[in-house]
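Participant: pasting the sequence and the predicted model now:
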Amino acid sequence: MKKLIFSFLFFFFFFYSNTTYSTINNKILVKIDDKIISSYELKNKILTLLFLSNQELNQKNINRSKSFAMKDLINLKIKKSELSKYNIDIDQGNVLSRLQAISSNNIENFKGQFIKNNINFKLFKEEIITELKWQKLIYSIYKDKVTINDDQINDELEIILKENLEIEEIKISEIVILLDDNKSFQEVVEYIKAQIKEFGFKQTALNHSTSDTAKDYGNLGWVNTKSLKKENYQVLSKMKVGEVSEPIKISNSINFYKILDKKKTKSNNINKEKIKNNLINSRKNELFNLYSNSHLSKLRNTATIEYK
């Protein structure tokens, strides 16, 4: 990961002369029920987003990142409030694995870059822990609702085996953006497209996607095209390697996809169990993501959010 090169004079001038981002006069910017978002937290979140996407620290990038940074913080506070009602423990090994994935297996160097660029690494790590706890909570609440119809899976599997002399698999990355009342569909689409164009799909997925795959830069792995939902299949099956899809609205989220690779498998080499497992895992992931976004959306709609 490239380093963000900050000029000390610029850093001092910008953050200590702009009252919005001042750490001297730290202000409460938003109150969400019993939680608050301070100007320091917003500044730190913006710096984190810029650092992770290798963006230069300038007014244009700060302005572009501000609304998304605030949205992420609001969602984070709402998740923390909900998590406080439960006793959820996280294996530190899972935290370490997440950090290793983000830091390309060089956590100490990654942490050093945070410190060098005046970014609070502790807050970043706390976000990771919150997200892991949130995933565990969603699983515990909705696991009984995430049911897979074996007959349907078997029917789909038989169709795949009968209709294809060869099976096409595609390696996909995704960006899932949860819609809310603060931004219109078009505003979100234009912002994400601009982020992808300037910083690439992987970094945009890591920084902005609300899917559990964000930690892996949006990577969904290899997926059989026939296991895709109809609306996704119609788009993705026609795309070429390296192409990014137009936004696809699914429920209360906007989804972007990128084709990383394609391959075909002869029918006599097809691993029936592997395809079936892919079908099952694909359905489970879709359902858990839908429940996660829906649960967060309901909490946000009932939360009292006051902008100071």
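Facilitator: Happy to help now that I have it.

Participant: residues in contact with N232?
Facilitator: Residues near N232 by Cβ atoms under 8 Å, 6 or more residues apart in numbering: I248, N255, Y257. Backbone N, C-alpha and C define where each C-beta goes, glycine included.

Participant: with neighbour count as extra columns, can I get those residues in a markdown table?
Facilitator: Shown next, in a markdown table, are the contacts of N232 (neighbours: other Cβ atoms under 10 Å):
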| residue | neighbour count |
| --- | --- |
| I248 | 17 |
| N255 | 20 |
| Y257 | 25 |
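
Participant: now, among the residues you listed, which is nearest to K71?
Facilitator: N255 (17.3 Å; Cβ to Cβ).

Participant: what distance do you get for that closest one to E243?
Facilitator: Using Cβ to Cβ, to the nearest Å, we find N255 at a distance of 15 Å from E243.

Participant: give me the low-pLDDT residue ranges for the chain?
Facilitator: For the chain, the stretches with pLDDT under 70 are 1-25, 162-166, 181, 266-270.

Participant: mind giving me the packing neighbours of the strand or helix carrying N63?
Facilitator: Per DSSP states H and E: N63 is located in helix 59-83. Where contact means 3 or more Cβ pairs under 8 Å, 6 or more residues apart in numbering; DSSP states H and E, helix 59-83 is packed against strand 28-32, strand 35-38, helix 39-52, helix 121-142, helix 185-199, helix 201-208, helix 272-302.

Participant: taking helix 121-142 as reference, get the angle to the longest one.
Facilitator: Spelled out, it's helix 272-302. Computed by axes from the mean of the first three to the mean of the last three Cα atoms, to 10 degrees, the angle separating helix 272-302 from helix 121-142 equals 110 degrees.

Participant: circling back to that earlier point, mean neighbour count and distance to S227 added to the helices and strands packed on helix 59-83, as JSON lines?
Facilitator: Output for the helices and strands packed on helix 59-83, formatted as JSON lines (neighbours: other Cβ atoms under 10 Å; distance: least, Cβ to Cβ, whole Å):
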{"stretch": "strand 28-32", "mean neighbour count": "17", "distance to S227": "38"}
{"stretch": "strand 35-38", "mean neighbour count": "18", "distance to S227": "40"}
{"stretch": "helix 39-52", "mean neighbour count": "22", "distance to S227": "31"}
{"stretch": "helix 121-142", "mean neighbour count": "16", "distance to S227": "21"}
{"stretch": "helix 185-199", "mean neighbour count": "16", "distance to S227": "25"}
{"stretch": "helix 201-208", "mean neighbour count": "23", "distance to S227": "21"}
{"stretch": "helix 272-302", "mean neighbour count": "16", "distance to S227": "5"}
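
Participant: columns distance to Y233 on top of the ones you listed, output as CSV?
Facilitator: Formatted as CSV, the helices and strands packed on helix 59-83 follow (distance: least, Cβ to Cβ, whole Å):
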stretch, distance to Y233
strand 28-32, 39
strand 35-38, 40
helix 39-52, 32
helix 121-142, 25
helix 185-199, 21
helix 201-208, 20
helix 272-302, 11
